[in-house]
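*Asks:* Got a sequence here, can you model it:
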Amino acid sequence: MADCIHELLDSLPEGQNALVVSHAAAICSYLQRFCTVEVTDAAQKLRRITFQGEVLLDGHFWEADGFVLHIENRRPVLIRTI
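*Replies:* Just a heads-up that it's a prediction; the model follows:
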């Protein structure tokens, strides 16, 4: 997942944006590189995701959940939920 996202970002002209759509497991796998991802209830698939002390998600991933990442030098400097 990370390689694919980085390849996409590397191919974008400066200032362009990209939308990546995936499933919860792949998104969590990518976010674990930069965030704390904690499974709070495995049976119910509940997670707590934090970035720099800020809680981004506490509970279920829903179909329309998403994250905006502002990336500099292949590292997010800001992550927020939408």
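*Asks:* residues of the lowest-mean-pLDDT helix or strand in the chain that come out buried?
*Replies:* Least confident helix or strand, the chain: helix 2-11 with a mean of 87, by mean pLDDT, DSSP states H and E. For helix 2-11, burial by neighbour count (16 or more other C-beta atoms under 10 Å) applies to Ile5. Bear in mind the C-beta positions are built from the backbone N, C-alpha and C, glycine included.
*Asks:* Show me the helices in the chain, by range?
*Replies:* Listed in chain order, the helices of the chain (DSSP state H) span 2-11, 24-31.
*Asks:* Just give me the residue right at the centre of this structure.
*Replies:* In the chain, the residue lying closest to the centroid (C-alpha atoms, centre = their mean) is Leu31, at 4.3 Å.
*Asks:* quick one, strands of this protein?
*Replies:* 36-41, 46-51, 54-59, 67-72, 75-81 (DSSP state E).
*Asks:* any low-confidence regions in this structure?
*Replies:* The chain contains no residues with pLDDT under 70.
*Asks:* how about 80 then?
*Replies:* 1 (pLDDT under 80).
*Asks:* I figured the residue nearest to the centre of the chain was touching Ile49, is that so?
*Replies:* Yes: look at Leu31 against Ile49 with C-beta atoms under 8 Å: they come within range, at 6.0 Å.
*Asks:* shared neighbours of those two, anything?
*Replies:* Common neighbours of Leu31 and Ile49 are listed as Val37 (criterion: C-beta atoms under 8 Å, 6 or more residues apart in numbering).
*Asks:* Just name the most buried of the strands of the chain.
*Replies:* Neighbour counts (mean count of other C-beta atoms under 10 Å) averaged over each of the strands of the chain peak at strand 46-51, with a mean of 18.
*Asks:* Done for today, thanks.
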